[in-house]
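Visitor: A structural model of the following input is requested.
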Amino acid sequence: MNSFLKPCHPIPEMFRSAFAPCPLRPSESPAMPHFSRLTDIITCNLTAILNASSDPAITLREIIDEMNEGLAACRRNVRTSTGNSTRLKREIAESETQILGWKNRAKGSLSEGDEDGARDALRRKVEIEDLIAGLRPEYDAATEATHHMLRIQKALESRQSEAVRKLEEITGEPAASALESETAILSASEASHERTSEVEAELAALKRELAG
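Guide: I've put the predicted structure just below:
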């Protein structure tokens, strides 16, 4: 795996499918696919592949089809990891609210002279604190997985754009775009928004540099 794509944390089992061999389409023989993993798409040299092809246009269409499949799988992983991160964040926040409630209950019991009641409330508080201690690493891993898969998605989208441009140059015609589901479009929009923010930040930096 390219070191640029290596995550800070081990990839959770549910996201490892992104790095597993891509499934073949029913009409394909084992020799047909150009890529076996998502990272193969990112690290490929399109120029070298096309130079070795007897029909670059056909090869590019096959490559773009595989890239579309890879992007669909990547976007599913982004949605899954984002959902897990959101759920864990909400559960941690709810648990922190419960901790405050049990602490207040313990104070109330003590003010009434009920030490046993205060102990019971504090036991519940400690139990929830232990739960949060276990949830936080899972939340961090889910958040890192989301950022990692978004980086891969953006790299795949860049490689796909390159392939589409090359096809248009070869054929002289606009490349047909694949229809995408609403959830895929939302996932693509998230990556696009992040990319746009990066461009705007760099543009602002260049303006400051020129002004200075």
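
Visitor: remind me which helix or strand residue 66 belongs to.
Guide: Under the criterion of DSSP states H and E, residue 66 resides in helix 56-111.

Visitor: which other helices and strands does that helix contact?
Guide: Helix 56-111 makes packing contacts with helix 38-43, helix 46-51, helix 115-171, helix 182-211 when contacts are defined by 3 or more CB pairs under 8 Å, 6 or more residues apart in numbering; DSSP states H and E. (C-beta placed from N, C-alpha, C; glycine too.)

Visitor: try it again at 6 Å.
Guide: Contact analysis of helix 56-111 by 3 or more CB pairs under 6 Å, 6 or more residues apart in numbering; DSSP states H and E lists helix 38-43, helix 115-171, helix 182-211 as its packing neighbours.

Visitor: show the pLDDT at the residue nearest in space to the middle of the chain.
Guide: Centrality entry for the chain: nearest residue to the mean C-alpha point is residue 149, 2.8 Å, by CA atoms, centre = their mean. Reported pLDDT at residue 149 in the predicted model: 91.

Visitor: with residue 89 instead?
Guide: Residue 89 is assigned a pLDDT of 97 by the prediction.

Visitor: apart from its neighbours in sequence, what residue is nearest it?
Guide: Computed as CB to CB, 6 or more residues apart in numbering, the closest residue to residue 89 that is not its neighbour in sequence is residue 139, at 6.0 Å.

Visitor: and that neighbour, how many neighbours?
Guide: A count of neighbours around residue 139, defined by other CB atoms under 10 Å, yields 19.

Visitor: now do residue 94
Guide: Other residues near residue 94 come to 10 when the count uses other CB under 10 Å.

Visitor: how close does it get to residue 41?
Guide: Residue 94 is 40 Å from residue 41, where distance means CB to CB, to the nearest Å.

Visitor: re the thing from before, surely the residue nearest to residue 89 meets residue 88?
Guide: Yes - under the criterion of CB atoms under 6 Å, residue 139 lies in contact with residue 88, with a separation of 4.0 Å.

Visitor: any idea of the angle the helix holding residue 66 forms with helix 115-171?
Guide: Put simply, helix 56-111 runs at 170 degrees to helix 115-171, going by axes from the mean of the first three to the mean of the last three CA atoms, to 10 degrees.
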